[in-house]
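J.: predicted structure and sequence below. I'll ask about it afterward.
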Amino acid sequence: MKVIVDAMGGDNAPGEIVKGALNAHRAYGTELVLVGRAAEVLRAVEACGETTLPSGVELRDAAEVVEIADDPATAFKKKKNSSLTVGLTMLRDGLGDAFVSAGSTGALLSGATLVVKRVRGVRRAALCPQIPVLGGRAVLCDAGANAECTPEYLLQFAFLGSFYANRVMGIERPRVALLNIGAESEKGDTLRHETYPVLEQAGKDGRIRFIGNIEASDAMLGGADVIVTDGFSGNIMLKSLEGTAKFMSRELKGMFLSGAKTKLAALLMKEQMAAFKAMLDPGEVGGTPFLGITKPVIKAHGGSDAKAIQNAVRQAEAFAKSGFIADVEANIDAMKLPTV
């Protein structure tokens with residue numbers, strides 16, 4: 001298994017990116033291709049205590065970098081020798097099994113769609129992170145790639161999220177729910193009204209395990225394994241969750257450090273607090289897949305440190321081995337609505 005890593009993508013590139021990738025190579029034996037400005041990447045390798053590239057790690061020079069200020073829709077085209085474009089082209093050409101980048105989300109989505117391509121029949125690729133919920137994690141699909149959607153898009157997101165939850169997360173018969181403002185079938189706007197019967201029929205046909213509408217509060221309590229929504233609502237839910245996690249962490253820290261008794265309590269609960277912090281840390285998962293692309297593309301957080309990149313490489317390898325894409329290809333006819 002060979003994972004291509006965009007060494008120049010993200011706020012902490014190339015140092016933390018290279019460090020995390022090399023840690024993944026040591027921990028999992030994953031073969032790597034580091035793509036980026038050769039001199040900078042090699043200096044980062046040396047900073048990790050390596051005098052040369054380890055066996056199983058390659059370097060592909062790419063002189064340009066897609067910056068956060070670049071137009072996401074055209075950056076990968078204008079900068080054909082960027083680490084992002086070169087890495088995606090290598091993935092397309094079979095020179096690696098998966099691609100990881102902490103760079104621009106928009107540029108990565110555009111590049112993945114136009115260079116690597118969507119699975120034939122998939123209307124839109126979806127950004128589908130694993131989010132922490134009571135009892136484990138759930139897939140949120142879509143979380144920002146598609147602000148405006150149709151019922152067919154949401155039907156496909158339901159299938160994509162279900163296959164991912166099963167193949168990558170190991171959930172048998174994942175529960176699929178439609179994010180809405182109420183649990184009743186008549187709740188919501190036009191998109192939700194039109195999507196509900198489509199998902200309901202897919203459930204009756206035995207294609208997915210559809211359990212109906214779900215409110216965000218119930219979703220966070222572990223009410224579903226796959227939360228289906230448009231990218232606009234999904235991104236608001238994701239950012240609200242991230243903000244709430246930061247708020248709770250800061251409030252708990254302030255509470256535990258407010259006096260001698262609470263400091264003692266914090267010391268006694270050190271392991272439990274570490275586990276709680278890890279549950280809320282997106283770096284523990286490592287990255288978010290673009291589902292619907294013909295090969296695995298993982299978007300790591302822009303601020304990823306070495307640990308997050310190591311986990312993103314691990315996730316990319318697991319995704320590539322999972323059989324997810326074969327599931328999508330085999331079921332694509334059931335993921336389409338009849339044309340009038």
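T.: Perfect, thanks for sending it.

J.: what sits against Val100?
T.: Contact analysis of Val100 by Cβ atoms under 8 Å, 6 or more residues apart in numbering lists 3-6, 21, 287, 298, 300, 309, 312-313, 316. All C-beta atoms are positioned from the backbone trio N, CA, C, and that covers glycine.

J.: number of residues surrounding Ala47?
T.: 12 (other Cβ atoms under 10 Å).

J.: oh, that last question was meant for Arg60, not what I typed.
T.: Arg60: 18 neighbours (other Cβ under 10 Å).

J.: with the one 4 residues further on instead?
T.: Counted with other Cβ under 10 Å, residues neighbouring Glu64 total 18.

J.: again, but for the one 5 residues further on
T.: Counted by other Cβ under 10 Å, the residues lying close to Ala69 total 7.

J.: can you check Gly9 too?
T.: For Gly9, using other Cβ under 10 Å, the count is 31.

J.: again, but for Leu268
T.: Neighbours of Leu268 using other Cβ under 10 Å come to 10.

J.: ok, Gly259 next?
T.: Gly259: 10 neighbours (other Cβ under 10 Å).

J.: now swap in the one 10 residues further on and tell me
T.: Met269 has 14 neighbours, counted by other Cβ under 10 Å.

J.: name the nearest residue to it, sequence neighbours excluded.
T.: Phe256 (7.9 Å; Cβ to Cβ, 6 or more residues apart in numbering).

J.: ranges for the strands of this protein?
T.: Using DSSP state E, the strands of the chain run over 2-6, 31-36, 57-61, 98-101, 126-127, 130-133, 136-141, 175-179, 209-214, 226-228, 288-291, 297-299.

J.: re earlier: ranking the contacts of Val100 by neighbours, who comes first?
T.: Val5 (36 neighbours).

J.: beta partners for Thr290?
T.: Wrong residue type there; residue 290 is Phe, not Thr. Leu127 (DSSP bridges).

J.: thinking it is in contact with Phe324, fair?
T.: No: if you go by Cβ atoms under 8 Å, Phe290 and Phe324 don't touch, sitting 11.8 Å apart.

J.: more neighbours: which of the two?
T.: Phe290 (25 against 21).

J.: who's in contact with that one?
T.: 108-109, 112, 125-128, 145, 297-299.

J.: so how far is Val119 from it?
T.: 11 Å (Cβ to Cβ, to the nearest Å).

J.: and the residue nearest to Met269, how many residues sit next to it?
T.: When neighbours are counted by other Cβ under 10 Å, Phe256 comes out with 18.

J.: the one 4 residues further on too?
T.: Ala260: 7 surrounding residues under other Cβ under 10 Å.

J.: other SSEs contacting the worst-scoring helix or strand of the chain on mean pLDDT?
T.: Evaluated with mean pLDDT, DSSP states H and E, the helix-and-strand set of the chain has its lowest mean pLDDT in helix 270-280, which scores a mean of 73. Packing partners of helix 270-280 (3 or more Cβ pairs under 8 Å, 6 or more residues apart in numbering; DSSP states H and E): helix 231-256.

J.: rerun at 10 Å
T.: strand 130-133, helix 231-256, helix 260-268 (3 or more Cβ pairs under 10 Å, 6 or more residues apart in numbering; DSSP states H and E).

J.: before we move on, the earlier item: shared neighbours of Phe290 and Phe324, which are they?
T.: 160, 296 (Cβ atoms under 10 Å, 6 or more residues apart in numbering).
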